[in-house]
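A.B. asks: Everything below, folded, please.
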Amino acid sequence: MLAEAKAILADLVAFPTVSADGNLDMIAYVAARLEAVGARVEVLPSACGAKANLFATLGPEGNGGLVLSGHSDVVPVADQPWSSDPFRVVERDGRLYGRGTCDMKGFLAAVLAMLPRLAQAARHRPIHVAVTHDEEVGCIGAGHLVEALSARGIRPAMVLVGEPTEMRVVDGHKGCNEYTVRFDGLEGHGSAPDLGVNAVEYAVRYAARLIELRADLKARAPEGCPFDPPWTTLNIGALQGGSVHNVIAPRARCDWEMRPVQPGDVEFVKAELTRLCEEDLLPAMRAVHAGSAIETEIVGEVAGLEPRRENAARDLVAGITGANGADLVAYGTEAGLFQGLGADVVICGPGSIEQAHKADEFVSVAQLSRCLDLLDGIARVFR
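C.D. replies: Below is the predicted model of the structure:
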C-alpha cells in the first residue's frame with residue numbers, strides 16, 4: 001500500500017495546480033480513481049470554468065458518515081531555490097520532495113491508495129471524498145462546496161481534513177480574514193503636495209491605525225482562551241504605492257489579515273476602520289479631489305475551527321492513533337467551514353506545516369505510512 005501511495009503522490013505532484021492556474025486535469029485523475037472503485041462522483045466547476053471541486057460518495061446515500069477532505073491547489077514555486085524539479089517527486093533519505101507533497105497531496109495520495117478498502121468498509125455508513133480548489137487563496141472552493149452540500153441537504157456527521165499536522169490530532173484553530181484595501185487619490189508634482197491627494201500617505205495612516213488596534217485586541221482577549229496568543233492578531237502583509245521621488249502617488253494598496261479568536265473582534269475592527277475612512281481619511285481626500293476613493297476587497301473570511309467538548313471526529317482519530325488529547329494550531333484550514341455545516345471536524349495529516357510553502361517541500365515516508373495506518377483504522381471501524 002505504501003508503494004501505491006508513493007506512485008499516486010508522484011502523479012498528483014506532476015499536476016502543477018498552482019492556485020493561479022487550473023486544477024481540472026488533477027480533478028479528472030482523482031475522479032477516475034474514485035469511479036474505478038464504484039464511487040458516485042460529482043465534479044462542481046467554479047464560476048471561471050478553469051477549476052472545480054469534487055465530491056464523491058462510497059456506500060449508501062443519506063446523512064451521517066465521514067468526509068475525507070483535502071485541497072488540490074498549491075502555492076507558487078517562482079523565485080524559490082528548489083534543488084530539484086518541484087513538480088516531480090524525488091525520494092531522498094526517507095523524504096518525498098515536491099510541491100504539494102506536504103500541503104496537501106500526501107494526504108490525498110494516501111486516501112486514493114486506500115480506496116479499495118474504504119469502498120469495502122462503507123457498507124452501512126457513507127464515506128465521502130472531497131477535493132477543493134483555491135484553499136491557498138481564501139478557502140474559496142470549500143466555501144462553495146459547503147454551500148452546495150447545504151443546499152442539497154447533505155449532512156455528514158464527521159469530517160477529517162488532512163492538512164499537515166505531523167499526524168497529531170488537532171481540533172481547533174483561529175479564523176483567517178484577508179483584505180486588500182485600495183486608495184485612489186490625485187497625481188501631481190511633488191513640489192506642490194497640497195494640490196494632489198497622496199494615496200500612499202493615506203494608506204500609511206490606515207496601516208498605522210491597524211497597528212494601534214493590536215493593543216485593543218490584546219485587551220479584548222477572552223478569559224481562558226486556549227489559543228496562543230490568546231487574542232486576535234493583525235498583520236500587514238504588503239504596503240505598496242507610488243513610483244518615483246517627485247510625483248504625488250495617485251494609487252496605493254494595503255494587504256492585511258486578521259486571525260480572530262471571537263466573532264466580536266471582527267466586528268470591532270471593521271467598525272473602527274469604517275469610522276477612520278468615513279470620518280477622517282475620505283473627507284480629507286475629497287476636500288482636494290472629489291473622485292478620491294478607498295475600496296476594500298474581501299479576499300477571504302474563513303471561519304476558525306472551534307474546539308468543542310463533544311467531537312466524534314476527534315475521538316475517532318484519537319482512538320485510532322492513540323493520541324492523548326488534541327492540539328490547537330495557529331494556521332487556518334477549511335475545517336471551520338465544514339463545522340458550520342454541523343459536522344464534527346478534526347484535522348490530522350502527514351507532514352509538517354514547517355515544510356509547507358517552502359522550497360524543497362517534503363513529506364517523510366514514515367508520515368505517509370502513518371496516514372495509511374490511520375485510514376486503514378477508519379476502514380476497520382466503519383466495516
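
A.B. asks: contacts and neighbour counts: CA atoms only from here.
C.D. replies: OK.

A.B. asks: in a helix, that's where Leu276 is, yeah?
C.D. replies: Yes: under DSSP: H, G, I helix; E, B strand; the rest coil, Leu276 sits within a helix.

A.B. asks: Around it, how many other residues sit close by?
C.D. replies: 15 (other Cα atoms under 10 Å).

A.B. asks: which residue sits closest to it, ignoring its sequence neighbours?
C.D. replies: Nearest non-adjacent residue to Leu276, counting by Cα to Cα, 6 or more residues apart in numbering: Tyr206, 7.8 Å away.

A.B. asks: can you tell me the helix or strand for that neighbour?
C.D. replies: Following DSSP states H and E, one finds Tyr206 within helix 199-219.

A.B. asks: related to what we said a few turns ago, the residue nearest to Leu276: neighbouring residues, count only.
C.D. replies: Other residues lying near Tyr206 total 18 when counted by other Cα under 10 Å.

A.B. asks: so Val159 touches Ala313, yeah?
C.D. replies: Yes: with contacts counted by Cα atoms under 8 Å, Val159 reaches Ala313, the gap being 6.5 Å.

A.B. asks: Common neighbours of these two, please.
C.D. replies: 344-346 (Cα atoms under 8 Å, 6 or more residues apart in numbering).

A.B. asks: Tell me the buried residues in the helix holding Tyr206?
C.D. replies: Buried residues in helix 199-219, defined by neighbour count with 16 or more other Cα atoms under 10 Å: 199-204, 206-207, 210, 213-214, 217.

A.B. asks: got it, and stretch 278-296?
C.D. replies: Buried residues in stretch 278-296, defined by neighbour count with 16+ other Cα under 10 Å: 281-282, 284-285, 289, 292-294.

A.B. asks: pLDDT averaged over that stretch - what is it?
C.D. replies: Taken as a whole, stretch 278-296 has a mean pLDDT of 98.

A.B. asks: Once you drop chain neighbours, what's closest to Lys6?
C.D. replies: Among residues not flanking Lys6 along the chain, Ala109 sits closest, at 7.4 Å (Cα to Cα, 6+ apart).

A.B. asks: you'd agree the one you found is in a helix?
C.D. replies: Yes: the assignment for Ala109 is a helix, going by three-state DSSP.

A.B. asks: what's it in contact with, if anything?
C.D. replies: Ala109 touches 5-6, 8-9, 12, counting by Cα under 8 Å, 6+ apart.

A.B. asks: what about it, distance to Asn177?
C.D. replies: For Ala109, the distance to Asn177 (Cα to Cα, to the nearest Å) stands at 29 Å.

A.B. asks: So what's the residue count around the closest residue in space to Arg99 that isn't next to it in sequence?
C.D. replies: Of all residues not flanking Arg99 in the chain, Pro86 sits nearest, at 5.1 Å (Cα to Cα, 6+ apart). The number of residues packed around Pro86, counting by other Cα under 10 Å, is 23.

A.B. asks: Just the element for Pro86, please.
C.D. replies: Pro86 belongs to no helix or strand when assigned by DSSP H and E.

A.B. asks: I'd say it and Leu96 touch.
C.D. replies: No: if you go by Cα under 8 Å, Pro86 and Leu96 don't touch, sitting 10.9 Å apart.

A.B. asks: May I see the buried residues of stretch 1-19?
C.D. replies: Neighbour-count burial for stretch 1-19 [16+ other Cα under 10 Å]: 2, 5-6, 8-19.
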